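Colleague: Mind folding the following:
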Amino acid sequence: MKNIEYRDGKLYLLDQTALPNRIEYINPKTKEDYYYAIKSLQVRGAPAIGIFAAYAMALLDDDKYELKEYLDSSRPTAVNLSWATSRMLNAYESGKTLIDEAIAIHNEDIAMCKKISEYGLSLLNDGDGVLTHCNAGALATSEYGTGLGPLLLGKERGYTFHAYTDETRPLLQGARLTSFELERARIDVTLICDNMASLVMKQGKINAVLVGTDRIAANGDIANKIGTSGVAILAKHYNIPFYVLGPYSTIDYNCPTGDDIVIEERDPSEIKEMWYKEPMALEETKCYNPAFDVTDNELITAIITDRGIIRKPYKENLQRIRYND
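Modeller: As a prediction, the model looks like this:
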């Protein structure tokens with residue numbers, strides 16, 4: 001199932017807010033359509049957002065400089081967004097054909113996902129129990145994904161895995177999207193509440209944790225969906241490897257540490273109303289709804305990119321791959 005498809009001069013986007021109950025595609029036509037799709041999570045996952053924004057830069061007739069700034073403001077934490085729009089702006093200034101550049105970004109992401117999946121699979125064993133948080137599969141990228149990529153690639157090669165998927169409150173990406181992808185791939189998956197992660201770890205059901213990331217700071221701190229740092233702390237306590245999988249383009253070398261990552265705060269309705277027939281809290285009850293938290297690099301066993309498996313010391317080793325072109 002393709003989440004982003006360019007066909008006959010038009011872009012088609014799988015609306016992830018409709019999953020898992022409905023498979024619906026939208027055809028964005030204006031900059032407001034593209035902005036809304038990113039902001040409202042119709043498209044989500046750092047690589048997928050970058051691909052989508054690249055097509056927006058190519059297909060819209062708006063002023064490219066203003067369009068880049070406008071799109072970048074839709075999801076400030078996802079570094080792939082500004083990376084893709086910057087690349088498209090450079091292509092524009094160089095006189096390149098923008099749709100060709102957007103297609104190149106899309107195709108490169110497919111190759112990137114395959115490389116990350118290969119590296120990640122090398123760290124797993126047949127029969128492993130794997131815990132996931134949020135969604136980092138093909139829906140969040142192009143093919144295979146990052147955090148789910150090793151499971152999907154392993155399935156193709158005859159591996160048997162037992163996935164335990166955190167529901168991932170409040171937007172339920174684990175429940176709505178990850179379990180959906182794994183079921184379609186015929187991978188054994190068990191959906192759990194976020195606060196059950198400790199129990200399944202204590203019971204010995206988890207051999208590794210795989211998560212994606214929206215931003216990697218220059219020192220190896222990462223930003224991912226809220227709750228990821230808690231999972232990392234649990235994995236550290238139970239001596240379970242905690243692997244972060246993301247493309248090289250997710251590394252923000254202009255962001256020294258996790259303290260410098262801007263954390264997006266989203267609408268309180270996502271907590272109280274979004275997935276319920278009736279509100280689950282009083283209208284006057286205050287909510288704090290950060291989209292991400294930051295996981296300290298000391299909790300991370302390895303960062304897996306399309307340029308290889310990066311281990312501690314992260315600051316030095318992330319710099320090493322920066323110049324490994």
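Colleague: Do I have it right that residue 217 meets residue 261?
Modeller: Yes. Counting by CB atoms under 8 Å, a contact exists between residue 217 and residue 261, whose distance comes to 6.2 Å. (C-beta placed from N, C-alpha, C; glycine too.)
Colleague: Spit out the residues that contact those two alike.
Modeller: Shared contacts of residue 217 and residue 261, defined by CB atoms under 8 Å, 6 or more residues apart in numbering, comprise 223, 252, 255.
Colleague: end to end, how far does stretch 282-291 reach?
Modeller: Using CA to CA, to the nearest Å, one end of stretch 282-291 lies 22 Å from the other.
Colleague: Could you list the buried residues of that stretch?
Modeller: Of the residues in stretch 282-291, those buried under the neighbour-count criterion (16 or more other CB atoms under 10 Å) are 289, 291.
Colleague: Same question for stretch 79-94.
Modeller: Of all the residues in stretch 79-94, those buried under the rule 16+ other CB under 10 Å are 79-85, 87-89, 91-92.
Colleague: Narrow those residues to those in helices?
Modeller: Using DSSP state H, the subset of the buried residues of stretch 79-94 located in helices is 79-85, 87-89, 91-92.
Colleague: so can I have TSV of those showing pLDDT?
Modeller: Compiled in TSV, those are given as follows (pLDDT from 0 to 100):
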residue	pLDDT
79	81
80	87
81	93
82	92
83	92
84	95
85	97
87	97
88	98
89	97
91	98
92	97
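Colleague: Using PDB, write out every CA atom in stretch 75-89.
Modeller: Extracted C-alpha coordinates of stretch 75-89, given in PDB (Å, rounded to 0.1, in the frame of the first residue of the first chain):
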ATOM      1  CA  ARG A  75       5.600  20.600  12.100                       C
ATOM      2  CA  PRO A  76       8.700  22.300  13.600                       C
ATOM      3  CA  THR A  77      10.200  19.200  15.300                       C
ATOM      4  CA  ALA A  78      10.400  17.000  12.200                       C
ATOM      5  CA  VAL A  79      13.800  18.000  10.700                       C
ATOM      6  CA  ASN A  80      13.100  16.100   7.500                       C
ATOM      7  CA  LEU A  81      10.500  18.700   6.600                       C
ATOM      8  CA  SER A  82      13.000  21.600   6.500                       C
ATOM      9  CA  TRP A  83      15.700  19.400   5.000                       C
ATOM     10  CA  ALA A  84      13.400  18.500   2.100                       C
ATOM     11  CA  THR A  85      12.200  22.000   1.500                       C
ATOM     12  CA  SER A  86      15.800  23.400   1.700                       C
ATOM     13  CA  ARG A  87      16.900  20.800  -0.900                       C
ATOM     14  CA  MET A  88      14.000  21.800  -3.200                       C
ATOM     15  CA  LEU A  89      14.800  25.500  -2.800                       C
END
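Colleague: Need the residues that contact that stretch.
Modeller: Looking at stretch 75-89 with CB under 8 Å, 6+ apart, the contacting residues turn out to be 38-39, 46-47, 49-51, 53-54, 57-58, 64-65, 67-68, 71-72, 74, 98, 101-102, 105, 214-216, 223, 247, 249-252, 255, 261-264, 291-292.
Colleague: distance between it and the chain's centre?
Modeller: 14 Å (CA atoms, centre = their mean, to the nearest Å).
Colleague: Stretch 235-244 now?
Modeller: Counting by CA atoms, centre = their mean, stretch 235-244 is centred 19 Å from the centre of its parent chain.
Colleague: quick one: contacts of it?
Modeller: Here stretch 235-244 makes contact (CB under 8 Å, 6+ apart) with 120, 123, 131, 201-202, 206-213, 216, 222, 224, 231-232, 234, 295, 299-304.
Colleague: Any buried residues in that stretch, and which?
Modeller: 235, 240, 242-244.
Colleague: any idea which of the shared contacts of residue 217 and residue 261 is closest to residue 146?
Modeller: Within these, the smallest distance to residue 146 is 13.9 Å, found for residue 223 (CB to CB).
Colleague: Check whether residue 227 really touches residue 168, as I assumed.
Modeller: Yes. Using CB under 8 Å as the test, residue 227 is close enough to residue 168 to be in contact (6.6 Å).
Colleague: list residues touching both of those two?
Modeller: Overlap between the neighbourhoods of residue 227 and residue 168 consists of 133-134, 194, taking contacts as CB under 8 Å, 6+ apart.
Colleague: Of those, just say which sits nearest to residue 149.
Modeller: Ranked by distance to residue 149 (CB to CB), the shared contacts of residue 227 and residue 168 are led by residue 134 at 14.0 Å.
Colleague: what helix or strand is the closest one on?
Modeller: Element membership of residue 134 [criterion: DSSP states H and E] is none; it lies in no helix or strand.
Colleague: And for the one 10 residues further on?
Modeller: Secondary structure here is read from DSSP H and E; on that basis residue 144 sits in neither a helix nor a strand.
Colleague: For it, grab the count of nearby residues.
Modeller: The criterion is other CB atoms under 10 Å. On that basis, residue 144 has 24 neighbouring residues.
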